[in-house]
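# output the structure for:
(one chain, ligands or ions: 2)
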Amino acid sequence: MDNRRALLLVDLQNDFCPGGALAVRRGDEVISVANRLADDFRQGGHLVVASQDWHPENHGSFASTAQSTPMTLGELNGLAQVWWPDHCIQHQAGAAFHPALHTQLIDQVFRKGEDAAVDSYSAFFDNDHRHKTGLDAWLRANNITQLTVMGLATDYCVKFTVLDALHLGYNVEVVQAGCRGVDLQPGDSQRALAEMQSKGAQLI
Ligand code: VGL
Ligand code: ZN
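Ligands and ions are numbered 1, 2, ... in the order given. Below is the predicted model:
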């Protein structure tokens, strides 16, 4: 079958929603969008896949590990790094999917950020592009060529997932209503969407 599609839900976890450790403003508003789309995709015979940020408690991206101030910029093993509050710690409630997400509609979950030495925004690769998750191989095994992407956060994990997907040769559409951003600097999310579009993603 040609042009097989999949829905990719990025990091729809408690810590990125209001009340969470790295709360994205109005992040919870995208859960209903995800549920609606996931239902549509499943009804159409398409696959639904999700990423999950999944850090050890001493992760190198944590301000607490680096003994730095949260939301400031530093360097981790040679790569620029935002020091994040402790978030999405493996097996803790903050790392769980949002309780309203219909996880029974998800065919496969790929976890990322398990290596304490490097951050992993993209669902495909670590930030140094040395380690690949199983996502690309799984999509290829399922003959997926078209990805519909949405989730949290627009200016980090959605952005780098979409840019990697384009590099890997997927046709990518981004559901704007299904994304919310951190916006450390005002306008970061809008700039992220513009960059995804300029590199070939379709904004819908
Ligand atoms: C994310 C910052 C740190 C994200 C994950 O899901 O966008 N952002 N870890
Ligand atoms: Zn993280």
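# going forward, measure contacts between C-alpha atoms and count neighbours the same way
Noted.
# which positions in this protein make contact with ligand 1?
The chain comes close to ligand 1 at residues 11, 121, 152-153, 156-157, as judged by Cα under 6 Å from any ligand atom.
# in TSV: those residues, plus secondary structure and neighbour count.
Output for the residues of the chain next to ligand 1, formatted as TSV (DSSP: H, G, I helix; E, B strand; the rest coil; neighbours: other Cα atoms under 10 Å):
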residue	secondary structure	neighbour count
Asp11	coil	29
Tyr121	coil	22
Leu152	strand	26
Ala153	coil	28
Tyr156	helix	18
Cys157	helix	22
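# could I get these as CSV with pLDDT and distance to Arg111?
Below are the residues of the chain next to ligand 1 laid out as CSV (pLDDT from 0 to 100; distance: Cα to Cα, whole Å):
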residue, pLDDT, distance to Arg111
Asp11, 98, 9
Tyr121, 98, 11
Leu152, 98, 14
Ala153, 98, 16
Tyr156, 98, 16
Cys157, 98, 12
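# identify, from the residues you listed, the entry nearest to Thr145.
Of all the residues of the chain next to ligand 1, Thr145 sits closest to Cys157, with 20.2 Å by Cα to Cα.
# that closest one: what's it in contact with?
Cys157 makes contact with 10-11, 121-123, according to Cα atoms under 8 Å, 6 or more residues apart in numbering.
# shaky segments in this structure?
1-3 (pLDDT under 70).
# before we move on, which element is the nearest residue to Leu203 once chain neighbours are set aside in?
Distances taken as Cα to Cα, 6 or more residues apart in numbering put Val174 closest to Leu203, at 4.9 Å, once the chain neighbours are dropped. Using DSSP states H and E, Val174 sits in strand 171-180.
# using CSV, write out every CA atom in that strand.
Taking C-alpha atoms only, strand 171-180 is exported to CSV below (Å, rounded to 0.1, in the frame of the first residue of the first chain):
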residue,chain,number,x,y,z
ASN,A,171,6.1,13.7,4.3
VAL,A,172,5.2,15.6,7.4
GLU,A,173,2.2,17.6,8.4
VAL,A,174,2.0,19.5,11.7
VAL,A,175,-1.4,20.0,13.4
GLN,A,176,-1.0,23.5,14.8
ALA,A,177,-4.1,23.2,17.1
GLY,A,178,-2.5,20.1,18.6
CYS,A,179,0.8,21.9,19.7
ARG,A,180,1.7,24.2,22.6
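# and the following helix or strand past it, which residues are buried?
For strand 171-180, the following helix or strand on the C-terminal side (DSSP H and E) is helix 188-198. Buried positions in helix 188-198, judged by neighbour count with 16 or more other Cα atoms under 10 Å: 188-189, 192-193, 196-197.
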